[in-house]
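# Make a model of this:
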Amino acid sequence: MVMLSSNYQKRLTSFYLGRKCVFCGKRNVCITARRYVKCLSCKRQKSLKRLRWELSTLLCFVEQRPANQVAIEYGISYQKVARIFRDVRDLIYYQCEFEGKKLSGEIEIDEAYFGGRRKGKRGRAAAGKSVVLGLLERDGRVYTRIVHTLTAEHLMSIIKKKTRKGSVYHTDTFKSYNSLHQFGKHTKVNHSKELVSKSHNHINGIEGFWSYAKHKLYNYRGVSKANFPLYLKEMEYRYNHRKENILEPIMKLYFGYVSY
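Have a look, this model is predicted:
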């Protein structure tokens, strides 16, 4: 569980007291006679009571607390908490999928398998799993996409759209990556022989992200296949903001795009 610093707790309290507008960020607000927080700059307003429980719910989302536990603790209906969590995940999904810049520099590429109980073969021969393609910019961001086929044509179309031409691509020896040389330099590491090649080529970064995502997803004790795309993007977003506290970015997403 991610716990927030006392500094962030104080800043959250300042929002509770209506000192700062959650919509535009300006400190030009007042509390009306009917107990609404009103911004004198952007003219938007919200019930102080509603604002308090919405902020508390967003804080719990950042800490990855279960929706039913939050509902019981704050005396809010489960449906309200679940709706806010869903809204935030929807916003994160579109933020990651449609507003992200292309990856560049040295990029590691790999696939991973999530969900479902399985028997028999593992890896690319496994059935009943969600297959995820991951692109990781070394010392930078990660991008994920659920794929339903691992053909070269499909993977190359995603890579072309999400990375800058001329980058250096690091992969394993999977044959669908063989045409990556058309976009930039392509190096391979043979995992059947070594984890890091003699020329120090590796994909340890993206494999580290898979471990990170699976560990975080474990907190939810199971995610349905229908909702998995939203949870996957949540993991991507958390990883890309891992060096900062994501409370404020989450608040900007939520109050910036959802209106009442």
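
# rest of the way, CA atoms for contacts and neighbours
Will do.

# The longest helix anywhere in the chain - what's its average pLDDT?
The longest helix of the chain (DSSP state H) is helix 78-98. Regarding helix 78-98, the rounded mean pLDDT is 94.

# Quick one, grab the pLDDT at residue 6.
So, for residue 6, pLDDT stands at 51.

# no no, residue 192
Looking at residue 192, its pLDDT reads 62.

# low-scoring pLDDT stretches of this protein, where are they?
Scanning the chain with the threshold set as pLDDT under 70 gives 1-18, 116-127, 191-200, 257-260.

# Can you give the domain ranges for it?
Following automatic domain parsing, the chain resolves into domains at 6-99+243-257, 106-222.

# tell me the SS of the most far-flung residue of the chain relative to its centre?
Distance from the C-alpha centroid of the chain, by Cα atoms, centre = their mean, peaks at residue 33 (39.6 Å). Recorded secondary structure, residue 33: coil (DSSP: H, G, I helix; E, B strand; the rest coil).

# Name all residues that make contact with residue 74.
With contact set as Cα atoms under 8 Å, 6 or more residues apart in numbering, residue 74 has these partners: residue 53.

# Give me the neighbour count for the closest residue to residue 41 other than its chain neighbours.
Using Cα to Cα, 6 or more residues apart in numbering and skipping the chain neighbours, the partner closest in space to residue 41 is residue 28 (6.4 Å). Residues lying near residue 28 (other Cα atoms under 10 Å) number 16.

# Contact partners for residue 28?
Taking Cα under 8 Å, 6+ apart, one finds 19-21, 39-41 in contact with residue 28.

# one more time with 10 Å, if that's ok
Each residue near residue 28 by Cα atoms under 10 Å, 6 or more residues apart in numbering is listed here: 18-21, 38-43.

# For residue 22, I want the exact helix or strand it lies within.
For residue 22, there is no helix or strand it lies in under DSSP states H and E.

# Sorry, slip of the keys, the one I care about is residue 100.
Short version, using DSSP H and E: residue 100 is in no helix or strand.

# picking up where we left off before, okay, the contacts of residue 28 in CSV with secondary structure, distance to residue 216 and neighbour count next?
What follows is the contacts of residue 28, written out as CSV (DSSP: H, G, I helix; E, B strand; the rest coil; distance: Cα to Cα, whole Å; neighbours: other Cα atoms under 10 Å):
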residue, secondary structure, distance to residue 216, neighbour count
18, coil, 33, 21
19, coil, 34, 19
20, coil, 32, 21
21, coil, 31, 25
38, strand, 37, 21
39, strand, 37, 24
40, coil, 40, 14
41, coil, 39, 13
42, coil, 37, 14
43, coil, 39, 12
